[in-house]
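Student: give me a 3D structure for the following:
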Amino acid sequence: MNPYILTILAISLVLGTLLATTTSHWIMVWVGLEINTFTILPLMTQKYSPRAIEAAVKYFIIQTAATMIILFATILNAWMAGDWSIKQMNYPPSLMMVTMSLVLKMGLAPLHAWFPEVMQGLTLELGLILSTWQKLAPFSILLQLTIYNSTLITSLGLLSILMGGWGGLNQTQIRKILSYSSIANLGWMLLISQYLPSMAFMTFLIYSILTFSMFIMLWLNQSTTINTLSTSWFKTPALLFMVPLILLSLGGLPPLTGFIPKWMILFELTKQNLTFFATTAALANLMSLFFYLRMSYAMALTSSPNFIPMTLSWRIKTLSFTAPLGISTGISLYTLPMTPAIMIMIP
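Tutor: Purely as a prediction, here's the structure:
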């Protein structure tokens, strides 16, 4: 793609998200979400293939339908309440429609079926953007609505944790596994969003750092399936040690960074007398941990198969810029001792 066009698309992607997250007027929120959606579509189709075009069409239909529902719901609320402010979304039918449309935009359960299919048709770089940056705008809007529909948000969060763990158990494609991982991790954020919104946002930041490290490592390793992970020992020996640790951090095992948000969320849920939700979420996380361990086992504890019905890449690019990977990997693995300072910063 032309560098000038790529720069314009990147700036538009950032501006669309900033517009949707910083305004309090529903029309401007809708404009920001539309800019965000239409900016990423050319990036999805820059490498032409039937699978990429299919993913772009699916993404366009889902996102357009969700934003149209948001626009209709906000017009209905303005008609009933006479206000376009996000904080004045008090009309119950409009509030329900907006919440479910934001859940659809983020790909959370029970409206999650499109997300793994779209992720499978994209490159790892676009998969990273779709799993992190594209969820920032709808998630920030949803955080402002949790005080009005707390029961629905909590139920959707628990359902997302369950479906994210359940859906990733039998997958062999790494992009689909990471998409179900995204669903499960966002479920944890929804679960705590009504009690500690700052905790939910901190969890999103930690998840974004962990996911960034994971996708960049897979990109350097040129792996898209679990079978190709077993060839990592001769392609990138250094990543052979780092990838399992990042995966276990995503699973929430101590003493890695990913343990911080899950532990603090369970602690807060217990303080709120939501023992059932805390116990169910902790048990459902074991399913996510299973496919993280499965990927770790395939990469670090197995040798390359003698006969495999696919072409494997035997060389990788050695002149890659790895400074962001080093910084994000360090944060992903060694931030646990900073937990007391993080808890102090959360009001």
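Student: from here on, just use CA atoms for contacts and neighbour counts.
Tutor: Fine.
Student: give me the neighbour count for the nearest residue to Thr280 once chain neighbours are set aside.
Tutor: Spatial nearest neighbour of Thr280, excluding adjacent residues (Cα to Cα, 6 or more residues apart in numbering): Leu158 at 7.8 Å. Neighbours of Leu158 under the rule other Cα atoms under 10 Å: 24.
Student: which secondary structure element of the chain has the lowest mean pLDDT?
Tutor: In the chain, the helix or strand scored least confidently by mean pLDDT, DSSP states H and E is helix 232-235, which has a mean of 68.
Student: about what we covered before: now do the contacts for the residue nearest to Thr280.
Tutor: Contact analysis of Leu158 by Cα atoms under 8 Å, 6 or more residues apart in numbering lists 187-188, 191, 277, 280-281.
Student: so among the residues you listed, which ones count as buried?
Tutor: Among those, those buried by neighbour count (16 or more other Cα atoms under 10 Å) are 187-188, 191, 277, 281.
Student: filter those down to the ones in helices?
Tutor: Taking DSSP state H, the ones among these that sit in helices are 187-188, 191, 277, 281.
Student: can you name the two of those residues that sit furthest apart?
Tutor: With Cα to Cα as the measure, no two of these lie farther apart than Gly187 and Phe277, at 11.7 Å.
Student: now, which of the buried ones among the contacts of Leu158 sits nearest Ile209?
Tutor: For the buried ones among the contacts of Leu158, the nearest to Ile209 is Trp188 (15.9 Å; Cα to Cα).
Student: wait, doesn't the closest one sit right on Ile161?
Tutor: Yes: contact criterion Cα atoms under 8 Å: Trp188 and Ile161 qualify, at 6.7 Å.
Student: got any residues that touch both of those two?
Tutor: Common neighbours of Trp188 and Ile161 (Cα under 8 Å, 6+ apart) are Ala281.
Student: tell me if Leu76 really is in a helix.
Tutor: Yes: residue state for Leu76 (DSSP: H, G, I helix; E, B strand; the rest coil) corresponds to a helix.
Student: quick one: it and Ser94 touch, right?
Tutor: Yes: counting by Cα under 8 Å, Ser94 is a contact partner of Leu76 at 6.6 Å.
Student: quick one: which of those two has more around it?
Tutor: The neighbour comparison of Leu76 against Ser94 (other Cα under 10 Å) goes to Ser94, with 21 against 15.
Student: can you map out the helices along the stretch 201-347 of the chain?
Tutor: Ranges of helices in the stretch 201-347 of the chain, per DSSP state H, counting those that start in this stretch, are 226-229, 232-235, 237-251, 259-271, 275-300, 323-334, 339-345.
Student: lowest average pLDDT across those helices?
Tutor: In terms of mean pLDDT, the lowest-scoring of the helices of the stretch 201-347 of the chain is helix 232-235 (a mean of 68).
Student: pop out the phi and psi values for Ser85.
Tutor: Ser85 adopts backbone torsions of phi -80, psi 150, taken as degrees, to the nearest 10.
Student: same check on the one 5 residues further on?
Tutor: Here is the backbone geometry of Asn90 (degrees, to the nearest 10): phi -110, psi -10.
Student: pLDDT wise, what is it at?
Tutor: Per the predicted model, pLDDT is 80 at Asn90.
Student: separation between it and His112?
Tutor: 26 Å (Cα to Cα, to the nearest Å).
Student: likewise for Gln222?
Tutor: Here the criterion is Cα to Cα. By it, Gln222 lies 27 Å from His112.
Student: can you give me the helices for the stretch 1-150 of the chain?
Tutor: Using DSSP H, counting those that start in this stretch, helices in the stretch 1-150 of the chain cover 3-22, 26-44, 50-81, 92-106, 114-120, 124-131, 133-143, 150-167.
Student: which other helices and strands contact the second one?
Tutor: Under the contact criterion of 3 or more Cα pairs under 8 Å, 6 or more residues apart in numbering; DSSP states H and E, the helices and strands touching helix 26-44 comprise helix 3-22, helix 50-81.
Student: of these, which stretch is the most buried?
Tutor: Of all the helices and strands packed on helix 26-44, helix 50-81 has the most neighbours on average by mean count of other Cα atoms under 10 Å, namely a mean of 18.
Student: chain center to that one: distance?
Tutor: How far helix 50-81 lies from its chain's middle: 19 Å, per Cα atoms, centre = their mean, to the nearest Å.
Student: nice, that's everything, thank you.
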